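J.: structure for this input, please:
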Amino acid sequence: MKTTTIDGLYSAVISKIEALNVFSAVHDELNASKVRGKECVVELESVDFSDGGNVYEGIDKVNVTFSILVFYPESRGKKPVREVRELAVRVARLFSGAKIEGGDAAPIQTMEDSSFDELNSHAVWEVQVQIDDVYLGELPEEQTPPGEVLASWVPDVGPEHIDDYQPIDQSLEL
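T.: Residues are numbered from 1 along each chain as shown. Next up, the predicted model:
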């Protein structure tokens, strides 16, 4: 089982988007006053513990939703409606059926983001991506079970000879 952290998820999502080689920058925080060119901002939308819950001490199985904001600069005084929509769809397709940090990714929706209407220099679309069955945390260190390893020589093996078994260091003596 692969485990990860929220930071690991951010890094994996950002790396996936950067692989498009389209954006001048891919951020994990929003500073809209400094957006230049084609940029992408990845934001953690939610972490849902309801479907998974505690798997081991310190390990939780969760579903995670990210919002990916796609910024596309205006061209000749016009917002590039078609271009930003096509770019947002390309970003969404990156996550269709993808494995991200061991979880199953899928785009939920792609839509124009009207909350950035005051940003005159860019058109903005939002891509929501859900990553299901992610294991957050660290696996506990392997522990040796209590007891000792016992062995016996054939034909004195099996449940009827259990009392004849000896610790492995003694039973190897001929």
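J.: going forward, measure contacts and count neighbours with C-alpha atoms only.
T.: Fine.
J.: hey, where'd the helices end up in this protein?
T.: In the chain, the helices defined using DSSP state H lie at 6-18, 81-94, 168-171.
J.: closest one to Phe49 among those?
T.: When these are compared by Cα to Cα, helix 6-18 sits nearest Phe49, at 13.4 Å.
J.: elements contacting the closest one?
T.: In terms of contacts (3 or more Cα pairs under 8 Å, 6 or more residues apart in numbering; DSSP states H and E), helix 6-18 is packed against strand 25-27, strand 39-56, helix 81-94, strand 99-100.
J.: closest to Lys61 out of the helices of the chain?
T.: Nearest to Lys61 among these is helix 6-18; the distance by Cα to Cα comes to 12.4 Å.
J.: so which bits of the closest one are buried?
T.: Applying a neighbour-count criterion of 16 or more other Cα atoms under 10 Å, one finds 9-11, 13-14, 16-18 buried in helix 6-18.
J.: check stretch 86-97 too.
T.: 87-89, 91-92, 94-95.
J.: of those, closest to Leu136?
T.: When the buried residues of stretch 86-97 are compared for distance to Leu136 (Cα to Cα), Phe95 wins out at 19.6 Å.
J.: re the thing from before, need the buried residues of stretch 86-97 in JSON lines (columns: distance to Met111).
T.: Formatted as JSON lines, those follow (distance: Cα to Cα, whole Å):
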{"residue": "Leu87", "distance to Met111": "12"}
{"residue": "Ala88", "distance to Met111": "8"}
{"residue": "Val89", "distance to Met111": "9"}
{"residue": "Val91", "distance to Met111": "12"}
{"residue": "Ala92", "distance to Met111": "11"}
{"residue": "Leu94", "distance to Met111": "16"}
{"residue": "Phe95", "distance to Met111": "16"}
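J.: and which of the residues you listed is nearest Asp60?
T.: The closest of these, once distances to Asp60 are taken by Cα to Cα, is Phe95, at 22.4 Å.
J.: contacting residues for that closest one?
T.: 105-107, 129 (Cα atoms under 8 Å, 6 or more residues apart in numbering).
J.: ok, so of the residues you listed, who is nearest Glu45?
T.: For those, the nearest to Glu45 is Val129 (9.3 Å; Cα to Cα).
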